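# Sequence unavailable; structure follows:
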């Protein structure tokens, strides 16, 4: 005789009933912590989705399989039952079959309507990211439900079993358009996203899906008091603004980071920045300054697992060893931590309404999001961020945008679409930090080299090739302390150089560092003089922020020397800057040259260059409008899965490559990986991850679009690691060598 407890959900022997109870207990715990996050209908819908999500596993095929895996007796699910395999020759995913138990009548009696019913059905059917496009016909599903599930349901104690919900009420039916409104997708995302969070946490036997947050406001103010720091104007302003969506403009050095923490209060918080280097730096600062509990503040970007391998602790403060790293990594990815510092692509993929992004959307509905340095994003990414912020607001989340300079169209778009939006007064630093001058010519390398003998000089070029050319020419005039940093160094060398430039900037040394846009907003460095190729206004002001970062400049001589050589302004895919925006930036800058450039003047400069009416026909603005139009009217809900959304978000087709110089090292690491046994043992998997991380240290990211620049070494051994071996030369000082011109780096 089959008993209810005989129906298993997991290969560890856990029953369906036990697993379901874990989900419901986790949701009760969540409601005790975030009880006001969802309305009554949403809570009920989530509970019901959790209750129904695995019931499809009672089918005889799954139960036979899972009992064989657990060395139990699978025969009981064959004898006397309608044989599943006689109906269909392949398994139908249990998520589809689970919907057969969702009773519309029962839900109506609970006060839910047809839309709520469809939301629950769709959440259950799609709670795994398996394709529904090639499933069997509706008749086959009906046959399995009526011939197999209906029989087994009696043993489980269920009295309802129909195939109608699967076929008729799933929003994302196979082979059909998903023409549902954004508001309905958001309603569905709350339910499906929470179902995923609960399911992942229960499968890992976690006690909670959310770690209780600290009061960031209290901790930050207390830490400032210990240092005898008084609250600055922008920090005072946000003290009672935690319940508002907010745009705050404040100059560098005005305490925006502390203001953001004060605004966050005791909410679950996500703090976004454009670059991994700046994310790592702000994480260290927040933890070191005790603005937040370091055991509850985590990093989330593409190198998170590598960071954990380097000795991070878990959220209880214990060293991570063995399989515990996997558990913590999963908790970070499932957004369980109360304070996460991350890149925007970790959050805003849901702006595509993509399958697999619901967990993020649902979490953001009860969180606060901080967007730092929003002006650093290109227009298509800006569209995704702004669209995402509107959706977060609809769901009940809050956001803070803070920036030193804000293009007007960002504010205008949000004002149009969000009623609860507060614009702060501008908080400008009264000190003068910069005097710019504009030279319509190429860089004067001899002057730069000589200046570096008595000052800290930063040189920023628009391309890696220009940076390498500058390095070689400056070295002709100054051999003592000239260094180069760009994105074409292997990870190990780049990290060492990033550390070296920060140490240099904080030292009493003089010399020259040459770099690219890499240092614009990613590194907290302070130089005496900046020599830079002209860029667009937002980029140029970011570059200025690397010079006299928090100091007052009292000289009458320019400390910002800008060269208008049109570098990076070509048309097509290879161009870096929109030419029209670039030229507007040049023309407007002349007004401010050879005189003190105040923080207020910098905002005026940005507002002129990016005046919405003036730039409407530019390629820059049209990219923003086209992407926004696609996100709002050209996109079908569920059209993409998360992996496709991830590719579309950045639109950077970079590949991991290893220069030929390191082939022997790479081969040795690959042999060690291949020698590991094929197992799910966490200790073995961890060792594999460590070896893969060693490969990453000797790799870099390049766009292989222009194959003429790179020599591809055919080696199938590295294909499974998704790594390409390049025959290009590599120099520890210059980086990767461009194969089209000897000695020239791209």
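The structure has been received and is ready for your questions. Note that the structure is a prediction, hence the values are computed from the model and not measured.
# switch to C-alpha atoms for all contacts and neighbour counts from now on
OK.
# what about the helices in the stretch 251-400 of the chain?
For the stretch 251-400 of the chain, applying DSSP state H, counting those that start in this stretch gives helices covering 256-264, 276-288, 304-309, 324-333, 358-364, 379-395.
# What residues sit buried inside stretch 588-605?
588-589, 592-594, 596-600, 602-605 (16 or more other Cα atoms under 10 Å).
# ok, back up a step: would you list the helices of the stretch 251-400 of the chain in JSON lines and tack on distance to residue 648, mean pLDDT and mean neighbour count?
Supplementary listing: the helices of the stretch 251-400 of the chain in JSON lines, determined by distance: least, Cα to Cα, whole Å; pLDDT from 0 to 100; neighbours: other Cα atoms under 10 Å:
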{"stretch": "helix 256-264", "distance to residue 648": "30", "mean pLDDT": "96", "mean neighbour count": "25"}
{"stretch": "helix 276-288", "distance to residue 648": "19", "mean pLDDT": "90", "mean neighbour count": "18"}
{"stretch": "helix 304-309", "distance to residue 648": "21", "mean pLDDT": "87", "mean neighbour count": "17"}
{"stretch": "helix 324-333", "distance to residue 648": "20", "mean pLDDT": "90", "mean neighbour count": "18"}
{"stretch": "helix 358-364", "distance to residue 648": "17", "mean pLDDT": "98", "mean neighbour count": "26"}
{"stretch": "helix 379-395", "distance to residue 648": "10", "mean pLDDT": "97", "mean neighbour count": "21"}
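# Distance to residue 48 for those helices - can I get that in a markdown table?
Converted to a markdown table, those look like this (distance: least, Cα to Cα, whole Å):
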| stretch | distance to residue 48 |
| --- | --- |
| helix 256-264 | 32 |
| helix 276-288 | 38 |
| helix 304-309 | 34 |
| helix 324-333 | 24 |
| helix 358-364 | 16 |
| helix 379-395 | 20 |
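# how close does residue 693 get to residue 500?
22 Å (Cα to Cα, to the nearest Å).
# more crowded one of these two?
residue 693 (18 against 14; other Cα atoms under 10 Å).
# related to what we said a few turns ago, among the helices of the stretch 251-400 of the chain, which comes closest to residue 161?
helix 358-364 (27.4 Å; Cα to Cα).
# Which elements pack onto that closest one?
When contacts are defined as 3 or more Cα pairs under 8 Å, 6 or more residues apart in numbering; DSSP states H and E, helix 358-364 packs onto helix 182-203, helix 379-395.
# Using JSON lines, lay out those together with distance to residue 292.
Shown next, in JSON lines, are these (distance: least, Cα to Cα, whole Å):
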{"stretch": "helix 182-203", "distance to residue 292": "24"}
{"stretch": "helix 379-395", "distance to residue 292": "24"}
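# Those helices: which one's closest to residue 683?
helix 182-203 (19.5 Å).
# Just the buried residues of the closest one, please?
For helix 182-203, using 16+ other Cα under 10 Å, the buried residues are 182, 185-202.
# do stretch 700-711 as well
Neighbour counts over stretch 700-711 (16+ other Cα under 10 Å) mark 700-702, 704, 709-711 as buried.
# Make CSV out of these and add pLDDT and secondary structure.
Listed next are the buried residues of stretch 700-711 as CSV, based on pLDDT from 0 to 100; DSSP: H, G, I helix; E, B strand; the rest coil:
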residue, pLDDT, secondary structure
700, 94, strand
701, 91, strand
702, 90, strand
704, 79, coil
709, 79, helix
710, 84, coil
711, 85, coil
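# which residues in the stretch 51-200 of the chain form helices?
Under DSSP H, counting those that start in this stretch, the stretch 51-200 of the chain gives helices at 60-69, 84-87, 94-98, 104-109, 114-125, 138-144, 150-156, 164, 182-203.
# And the contacts of the fourth one?
Contacts with helix 104-109, where a contact means Cα atoms under 8 Å, 6 or more residues apart in numbering, come from 113-114, 117.
# can you pull the buried residues of that helix?
104, 107.
# average pLDDT across that helix?
Here helix 104-109 scores 95 as its mean pLDDT.
# How about the last one?
Mean pLDDT, computed over helix 182-203, is 96.
# which strands and helices sit next to that helix?
helix 16-33, helix 40-52, helix 114-125, helix 358-364.
# C-terminal to it, what's the next element?
Downstream of helix 182-203, the next assigned helix or strand under DSSP states H and E is helix 216-226.
# what residues does that next one touch?
So helix 216-226 is contacted by 230-231, 258, 261-266, 289-292 (Cα under 8 Å, 6+ apart).
# Report the helix or strand with the lowest average pLDDT across this protein.
helix 84-87 (a mean of 65; mean pLDDT, DSSP states H and E).
# Show me what counts as buried in stretch 395-406.
395, 397-406.
# Pull the distance from that stretch to the chain's centre.
Remark: stretch 395-406 is offset 16 Å from the chain centroid, using Cα atoms, centre = their mean, to the nearest Å.
# How much space separates residue 114 from residue 164?
Residue 114 is 14 Å from residue 164, by Cα to Cα.
# So the two - more neighbours on which side?
Between residue 114 and residue 164, counted using other Cα under 10 Å, residue 164 has the larger neighbour count: 16 against 13.
# Can you tell me how far the residue nearest to the more buried one when sequence neighbours are not counted is from residue 52?
Spatially, and ignoring its direct neighbours in sequence, residue 164 is nearest to residue 100 (7.1 Å; Cα to Cα, 6 or more residues apart in numbering). Per Cα to Cα, residue 100 is found 9 Å from residue 52.
# for residue 222, same thing?
Residue 222 is 47 Å from residue 52, by Cα to Cα.
# Which one of those two is surrounded by more residues?
Shown here are residue 222 and residue 52; by other Cα under 10 Å, residue 52 has more neighbours (20 against 15).
# any idea how far the residue nearest the centre of the chain is from residue 26?
Geometric centre of the chain, nearest residue: residue 346, 1.9 Å, by Cα atoms, centre = their mean. Counting by Cα to Cα, the gap from residue 346 to residue 26 is 24 Å.
# What is the burial count for residue 228?
By other Cα under 10 Å, neighbour count at residue 228 equals 9.
# on that earlier part again, now render the contacts of helix 104-109 as a markdown table, adding distance to residue 356.
Formatted as a markdown table, the contacts of helix 104-109 follow (distance: Cα to Cα, whole Å):
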| residue | distance to residue 356 |
| --- | --- |
| 113 | 25 |
| 114 | 24 |
| 117 | 21 |
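# As TSV, the residues you listed with distance to residue 555 and pLDDT would be great.
Output for the contacts of helix 104-109, formatted as TSV (distance: Cα to Cα, whole Å; pLDDT from 0 to 100):
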residue	distance to residue 555	pLDDT
113	71	96
114	71	95
117	70	96
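# Which one of these is nearest to residue 16?
Closest to residue 16, out of all of those and judged by Cα to Cα, is residue 117, at 22.5 Å.
# Could you give me the buried positions within the helix or strand that contains residue 614?
Element membership of residue 614 [criterion: DSSP H and E] is helix 612-615. Across helix 612-615, burial judged by 16+ other Cα under 10 Å covers 612, 615.
# got the phi/psi numbers for residue 232?
Backbone torsions of residue 232, given as degrees, to the nearest 10, read phi -80, psi 170.
# In this structure it contacts residue 255, no?
Yes. Applying Cα atoms under 8 Å as the test, residue 232 and residue 255 come out as touching, 6.9 Å apart.
# Spit out the contact partners of residue 690.
Per Cα under 8 Å, 6+ apart, neighbours of residue 690: residue 309.
# So what sits opposite residue 702 in the bridge?
Here residue 702 sits in beta bridges with residue 655, going by DSSP bridges.
# didn't it look like it was pressed against residue 655?
Yes. Counting by Cα under 8 Å, residue 655 is a contact partner of residue 702 at 5.5 Å.
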